[in-house]
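**Q** Show me how the following folds:
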Amino acid sequence: MASANLLGKLLASYLSTSNDTLAVSFRAHYAATGSPSASVSSPTLSPALRIRRKPTSLRLTSATFSYRWFESEQRRIIQLYQCLLRAGWIASNTNSEEFLSLFSRRDTNCKIHWIGKKTYLVYLFKLLTDRRYISTPKGVGRWMIVSSHFVDVHGRLFTHLNSQRTPLKAQKAIDQLAELLNAAIK
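**A** Residues are numbered from 1 along each chain as shown. Here you go, the predicted structure:
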């Protein structure tokens with residue numbers, strides 16, 4: 001019981017002196033109602049006392065993918081680029097050199113406007129990395145690179161890429177696009 005009493009004293013001290021959102025809201029609620037009885041876990045908690053989560057910041061990188069056969073098979077990346085243009089999945093003003101730079105293992109800040117569905121983008125890069133046609137630098141995840149270098153039609157970065165599902169309607173087409181980077185196929 002002594003530890004519960006100590007915890008209560010620490011919480012009371014925190015709520016009376018802290019300037020974070022929860023403590024300020026609690027003090028405002030107490031001043032307005034005269035009741036300190038609202039608890040954080042109460043389903044009838046006043047809106048002023050609800051904890052607001054801060055949006056998580058998106059980590060960006062200038063790192064790019066490494067295409068296994070970049071030196072000898074750049075034409076395959078250009079073929080992928082042309083197919084994505086024809087399919088209408090990347091903007092027509094996308095420069096082939098910028099697209100090629102995404103697979104060069106060299107840092108870049110280029111942004112590719114992806115106008116296809118987000119699930120298509122995710123599935124394509126999932127296949128390319130799972131099949132080991134492309135790889136990421138140590139300590140940098142594939143979704144961090146994709147989020148850093150692809151933007152939607154409004155210029156916004158993509159988020160929550162790892163929670164996308166396999167696109168059933170375009171699955172076969174995306175499988176074929178991924179195979180363009182397979183240098184074992186002549």
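**Q** Please parse the protein into its domains.
**A** The record assigns the chain these domain ranges, following automatic domain parsing: 2-49, 66-179.
**Q** which stretches of the protein have low pLDDT?
**A** Judged against pLDDT under 70, the low-scoring parts of the chain cover residues 1-58.
**Q** most neighbours per residue, which of the domains of the chain?
**A** Counting by mean count of other CB atoms under 10 Å, domain 66-179 has the highest mean neighbour count of the domains of the chain, with a mean of 16. (Glycine included, C-beta is placed from N, CA and C.)
**Q** Out of the domains of the chain, which is closest to residue 60?
**A** domain 66-179 (4.4 Å; CB to CB).
**Q** Okay, residue 162 and residue 116: tell me how far apart.
**A** 18 Å (CB to CB, to the nearest Å).
**Q** Identify the residues contacting residue 106.
**A** Counting by CB atoms under 8 Å, 6 or more residues apart in numbering, residue 106 touches residue 64.
**Q** now it, what's its secondary structure?
**A** The three-state label given to residue 106 by DSSP: H, G, I helix; E, B strand; the rest coil is coil.
**Q** Return the distance of it relative to residue 185.
**A** Applying CB to CB to residue 106 and residue 185 gives a distance of 26 Å.
**Q** can I get the CA coordinates of stretch 153-166 in PDB?
**A** Provided in PDB are the C-alpha atoms of stretch 153-166 (Å, rounded to 0.1, in the frame of the first residue of the first chain):
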ATOM      1  CA  VAL A 153       0.300  13.400 -57.400                       C
ATOM      2  CA  HIS A 154       0.000  16.200 -54.900                       C
ATOM      3  CA  GLY A 155       3.700  16.000 -54.000                       C
ATOM      4  CA  ARG A 156       3.100  14.400 -50.600                       C
ATOM      5  CA  LEU A 157       5.300  11.700 -49.300                       C
ATOM      6  CA  PHE A 158       3.900   8.200 -48.900                       C
ATOM      7  CA  THR A 159       3.400   6.800 -45.400                       C
ATOM      8  CA  HIS A 160       2.300   3.500 -43.900                       C
ATOM      9  CA  LEU A 161       3.800   1.500 -46.800                       C
ATOM     10  CA  ASN A 162       4.400  -1.700 -44.900                       C
ATOM     11  CA  SER A 163       0.700  -2.100 -44.100                       C
ATOM     12  CA  GLN A 164      -0.400  -2.400 -47.800                       C
ATOM     13  CA  ARG A 165      -2.000  -5.500 -49.200                       C
ATOM     14  CA  THR A 166      -1.200  -7.400 -52.400                       C
END
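**Q** what does it rub up against?
**A** Counting by CB under 8 Å, 6+ apart, 58, 60, 91, 111, 113-115, 118-119, 121-123, 143, 146-148, 150-152 sit against stretch 153-166.
**Q** Just the ones in strands from those, please.
**A** 113, 150-151 (DSSP state E).
**Q** distance of the closest residue to residue 126 other than its chain neighbours from residue 125?
**A** With sequence-adjacent residues excluded and distances taken as CB to CB, 6 or more residues apart in numbering, residue 126 is closest to residue 142, at 7.6 Å. The gap separating residue 142 from residue 125 is 6 Å, by CB to CB.
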